[in-house]
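Using only what follows, build the 3D model:
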Amino acid sequence: MTQAVAPGAPTTLDVHHVTTYRYAWPVEHAQQRAVVMPPAYPWQTVGAHRADIDPAPSHQHLRIDAFGNNVLHFMLDVPHESMRLATTSTVTLTPRWQTFDAARGMAWEDAARMLRYRAGQPFHAEAEFVYASPNVALHADLRDYARRSFAPGVTVAQGAIDLMHRIHADFAYHGEATEVHTPALEAFALRSGVCQDFAQVMIGCLRSIGLAARYVSGYLCTDPPPGEPRLLGADASHAWAGVWCPVNGWIDLDPTNDVLADTRHVTLAIARDYSDVPLLHGVIVGGGEHTVEVEVSVVPWQAGAPALASRTVAQAGGAGEDRA
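Just a heads-up that it's a prediction; the model follows:
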């Protein structure tokens with residue numbers, strides 16, 4: 001029986017993700033970097049996590065990167081014609097926005113001013129997310145599009161939510177319109193793309209007016225409550241954007257689905273843009289052409305289901321990726 005979740009109650013989800021690479025000829029050696037283990041946040045508790053790799057790695061270790069993400073490094077030194085990475089996580093999410101008031105907060109101009117570098121003034125760590133990054137340029141076209149949502153005196157949250165509404169309305173979700181490395185400015189010109197593109201366009205707009213915005217990758221629950229529509233981006237890894245407000249902290253917004261990211265969004269990683277946190281990335285010797293198969297399932301935890309054995313592939317102190 002599926003767990004009944006009352007409105008505003010924490011939600012527990014089971015996340016299953018399998019990525020399989022098949023190569024034209026054997027890979028002799030591989031060193032891979034994978035972002036597959038959800039971190040703990042004030043709103044997100046990881047009850048269990050399991051990762052299985054075939055063929056079995058000769059060496060593996062888990063580290064925490066500069067953004068606080070769990071990054072798994074592993075080495076395969078036996079010839080292999082396929083590689084399978086399967087992960088399962090049980091995650092409990094606590095509602096974040098029950099008392100959220102978008103009108104309560106700092107005006108966006110003041111927030112942008114606070115984040116500018118000034119000699120001798122306090123440094124805000126969030127300023128790291130104001131600058132351009134590999135996939136997200138600062139550009140006048142993005143600035144002009146954003147300013148339509150940010151009239152003088154509008155709070156950061158009010159402007160960001162309006163920008164999210166507009167991107168959702170103006171852009172078409174189309175899986176073939178862009179590629180994994182398509183920059184935000186190109187997706188903006190196309191007015192089309194997938195979750196990754198929607199998020200990076202929104203980030204570029206926010207940064208172009210001086211606000212701190214970050215990329216969030218993760219998963220989206222595929223089993224909506226009765227009567228609610230199934231959200232876009234639920235068949236693979238998902239992505240959304242976060243904007244920093246000095247009063248409210250980081251506010252996560254999903255422009256693909258026009259909602260604030262909450263108890264149906266599992267956070268996997270936070271970064272400047274997608275290029276920092278592809279699901280799987282590495283160096284291989286051999287292999288030639290390859291195909292990738294991805295299976296993702298995010299469903300409510302079921303009472304009475306076998307407990308997931310808590311196992312991490314290591315303790316914390318290119319091959320490719322699937323799309324968001």
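
Compute the distance between the residue nearest the centre of the chain and residue 118, please.
By CA atoms, centre = their mean, the chain has its centre lying nearest to residue 217, at 0.9 Å. Note on residue 217: its distance to residue 118, by CB to CB, to the nearest Å, is 32 Å. Using the backbone N, CA and C atoms, a C-beta is placed for each residue, glycine as well.

again with residue 102
28 Å.

Identify the residues contacting residue 93.
By CB atoms under 8 Å, 6 or more residues apart in numbering, the residues touching residue 93 are 10-13, 43-44, 262-266.

at 6 Å instead, please
Each residue near residue 93 by CB atoms under 6 Å, 6 or more residues apart in numbering is listed here: 11, 44, 263.

Sheet partners, orientation included, of the lowest-mean-pLDDT helix or strand in the chain?
Comparing every helix and strand of the chain by mean pLDDT, DSSP states H and E singles out strand 290-300 as the least confident one, with a mean of 92. Note on strand 290-300: by DSSP bridges, its sheet partners are strand 11-37 (antiparallel).

Show the subsequent helix or strand relative to the partner strand.
strand 44-54 (DSSP states H and E).

Just the CA coordinates for that next one, please, in CSV.
The C-alpha coordinates for strand 44-54 follow below in CSV (Å, rounded to 0.1, in the frame of the first residue of the first chain):
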residue,chain,number,x,y,z
GLN,A,44,16.2,16.5,2.5
THR,A,45,17.2,13.4,4.5
VAL,A,46,18.8,10.4,2.8
GLY,A,47,17.7,7.3,4.6
ALA,A,48,19.6,4.8,2.5
HIS,A,49,21.7,4.7,-0.7
ARG,A,50,23.1,1.9,-2.7
ALA,A,51,25.2,1.9,-5.8
ASP,A,52,26.2,-1.1,-7.9
ILE,A,53,28.7,-1.0,-10.8
ASP,A,54,29.3,-3.8,-13.3
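
just checking, what packs against that strand?
For strand 44-54, the elements it packs on are strand 80-93, judged by 3 or more CB pairs under 6 Å, 6 or more residues apart in numbering; DSSP states H and E.

okay, the helix or strand that the strand it packs on is followed by in CSV with CA atoms only?
Reading on from strand 80-93 to the C-terminus, the next helix or strand found by DSSP H and E is helix 108-115. Extracted in CSV, the C-alpha atoms of helix 108-115 (Å, rounded to 0.1, in the frame of the first residue of the first chain):
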residue,chain,number,x,y,z
TRP,A,108,16.3,42.9,-6.3
GLU,A,109,18.4,46.1,-6.9
ASP,A,110,19.6,46.0,-3.3
ALA,A,111,20.4,42.3,-3.5
ALA,A,112,22.4,42.8,-6.7
ARG,A,113,24.2,45.7,-5.1
MET,A,114,25.1,43.6,-2.1
LEU,A,115,26.6,40.9,-4.3
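
neighbouring contacts of helix 108-115?
127, 130, 150, 154, 156, 159, 210-212, 246.

Residue 102 and residue 118: which has the busier surroundings?
residue 102 (19 against 9; other CB atoms under 10 Å).

can you tell me how far that one sits from residue 161?
6 Å.

cool, residue 136 as well?
20 Å.

Counting neighbours, go ahead and name the busier of these two.
Neighbour totals were compared for residue 136 and residue 161, and residue 136 leads with 29 against 18 (other CB under 10 Å).

That one and residue 184 touch, don't they?
Yes: Residue 136 lies in contact with residue 184 (CB atoms under 6 Å); the separation is 4.7 Å.

Overlap in contacts, the two.
200, 204.

And the average pLDDT for the helix or strand encompassing the residue nearest to the centre of the chain is what?
Using DSSP H and E, residue 217 sits in strand 213-220. For strand 213-220, mean pLDDT rounds to 97.

ok, now stretch 177-192?
Across stretch 177-192, pLDDT averages out at 95.
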